[in-house]
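Asks: 3D model of this:
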Amino acid sequence: MGEKDSETAPIWGKTQQRESSNVHPMDLESSSLSGQQQNRSQSQSRSSYEERGRGVKEFRSWFAWLIPCFVIANVVVFVITMYVNNCPKKSGDCFAGFLGRFSFQSTRENPLLGPSSLTLREMGGLDVKKVVEGDEGWRLLSCNWLHGGVVHLLVNMLTLLFIGIRMEREFGFIRIGLLYLISGFGGSVLSALFLRSNISVGASGAVFGLLGGMLSEIFINWTIYSNKVVTIITLVVIVAVNLALGALPGVDNFAHIGGFGTGFLLGFVLLIRPHYGWINQRNAPGAKPRKFKLYQAILWTVSLLLLLAWFIAGLISLFNNVDGNKHCSWCHYLSCIPTSKWSCNREPASCTTTQLGNNLSMTCLRNGKSASYMLPNPSDARINSLCVQLCR
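Replies: Coordinates of the predicted model:
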């Protein structure tokens with residue numbers, strides 16, 4: 001018989017269903033069966049590609065539990081962050097004060113409905129100075145579990161649930177867990193090389209890594225999908241739109257780019273699957289085809305080498321305090337494009353203060369604005385909050 005394509009419904013593409021004249025175990029037994037039994041055997045041999053791969057670990061249907069755990073962990077960390085933030089006590093100027101200790105910083109300071117930058121730094125946000133000079137490299141990982149506000153958290157977690165659960169069902173918790181964590185780390189490294197002054201937080205780099213893995217998985221498993229071109233175009237459009245939105249001010253697009261690039265390379269390494277011929281003939285007698293095709297082996301090897309080279313070069317540059325902007329004069333446009341409506345100045349808020357009795361005078365060094373406040377003995381958190389608002 002020739003080959004016949006039909007459609008199944010995997011998570012992001014349609015696999016090819018083929019009928020082949022290759023020998024199956026059931027075909028070997030059919031010579032001793034009656035005509036009716038032979039017909040039944042031939043009918044069974046028309047099973048789908050996924051059914052033929054049953055028992056092969058690459059094609060199991062997994063129960064998704066790790067991604068929901070990641071989501072719960074992110075939510076719990078955000079609640080703890082808000083508890084530590086304690087806006088009524090530390091800042092005083094809060095939004096949604098009825099939440100008490102869990103109320104948000106003023107929307108003039110944090111429009112995402114979340115904590116202050118000081119709290120995010122205290123909880124493990126990506127602060128390059130502390131990473132390089134304070135030997136706090138763990139911030140490259142911890143920052144992926146923090147979020148700037150409720151809006152930030154909801155967007156990332158909904159996207160993670162939509163993409164991650166489907167991928168975990170298809171590939172299992174080990175591979176998707178590694179893809180998520182390593183991609184988030186890769187996004188942090190690139191962010192630290194180019195965003196030198198601001199605090200960076202969020203799971204966006206890890207989520208973009210899952211998108212990158214989805215794309216590379218199609219390339220390395222090219223032979224098992226039938227509608228791959230449409231799927232690739234769809235994924236590229238989704239990624240391009242999200243990266244374009246990342247060029248708005250206040251968004252760490254370098255974490256997105258670093259996470260996507262890391263996930264794309266890692267997808268070739270972690271998400272490789274046996275080709276159709278091996279699944280179809282793995283139990284047949286005689287010579288069997290190799291489990292992976294030559295192009296799969298080449299992609300796997302090249303991607304692993306590039307991934308290792310990226311992490312080695314990136315970490316050496318980071319801990320030698322290399323500023324990526326000095327070696328790439330246009331790269332800052334990847335994270336923010338200045339317009340007449342907004343500025344891309346990412347310098348942290350910095351103010352001079354003078355306390356005379358109950359009067360606090362403050363001047364923003366970034367824009368020159370000055371203001372006076374009636375505040376006896378203000379806390380550092382309160383001064384920082386006022387400074388951020390004054391410098392906006």
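
Asks: Can you give the contact residues for the helix or strand where Val155 lies?
Replies: Here Val155 is covered by helix 150-171, with elements defined by DSSP states H and E. Residues from elsewhere that reach helix 150-171 (C-beta atoms under 8 Å, 6 or more residues apart in numbering): 10-12, 61-68, 70-71, 74-75, 78, 104, 112-114, 147, 176, 179-180, 202-204, 206-207, 210-211, 213-214, 270-271. C-beta: built from backbone N, CA, C; applies to glycine.

Asks: mind listing the strands in the stretch 101-250 of the chain by residue range?
Replies: Under the criterion DSSP state E, counting those that start in this stretch, the stretch 101-250 of the chain contains strands at 104-105.

Asks: quick one, helices of it?
Replies: In the stretch 101-250 of the chain, the helices defined using DSSP state H, counting those that start in this stretch lie at 117-123, 128-133, 139-142, 150-171, 173-194, 204-220, 228-245.

Asks: now those helices as TSV including distance to His256?
Replies: Below are the helices of the stretch 101-250 of the chain laid out as TSV (distance: least, C-beta to C-beta, whole Å):
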stretch	distance to His256
helix 117-123	18
helix 128-133	18
helix 139-142	16
helix 150-171	11
helix 173-194	7
helix 204-220	5
helix 228-245	6
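
Asks: Identify whichever of the ones you listed lies nearest to Leu265.
Replies: helix 204-220 (7.2 Å; C-beta to C-beta).

Asks: so what does that closest one touch, helix or strand wise?
Replies: Counting contacts by 3 or more C-beta pairs under 8 Å, 6 or more residues apart in numbering; DSSP states H and E, helix 204-220 packs against helix 150-171, helix 173-194, helix 228-245, helix 253-270, helix 294-319.

Asks: would TSV of those helices with mean pLDDT and mean neighbour count be doable?
Replies: Formatted as TSV, the helices and strands packed on helix 204-220 follow (pLDDT from 0 to 100; neighbours: other C-beta atoms under 10 Å):
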stretch	mean pLDDT	mean neighbour count
helix 150-171	94	19
helix 173-194	96	24
helix 228-245	88	14
helix 253-270	96	27
helix 294-319	95	15
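
Asks: can you tell which of the ones you listed is closest to Val131?
Replies: Of those, nearest to Val131 by C-beta to C-beta is helix 173-194, at 6.2 Å.

Asks: Could you chop the chain up by domain?
Replies: 66-334, 351-391 (automatic domain parsing).

Asks: Please produce a PyMOL select command covering the buried subset of the contacts of helix 150-171.
Replies: Typed into PyMOL, the line below selects the buried ones among the contacts of helix 150-171, using 16 or more other C-beta atoms under 10 Å:
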select buried, resi 10+12+62+64+66+67+70+71+74+78+104+112+113+114+147+176+179+180+202+203+204+206+207+210+211+213+214+270+271
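
Asks: Lowest mean pLDDT among the helices and strands, pick that one out for this structure.
Replies: Lowest by mean pLDDT, DSSP states H and E among the helices and strands of the chain is helix 25-29, with a mean of 38.

Asks: residues contacting Pro68?
Replies: 161, 165.

Asks: quick one: it and Gly213, what's the gap?
Replies: According to C-beta to C-beta, to the nearest Å, Pro68 and Gly213 sit 19 Å apart.

Asks: Check Gly177 too.
Replies: Gly177 sits 12 Å away from Gly213, going by C-beta to C-beta.
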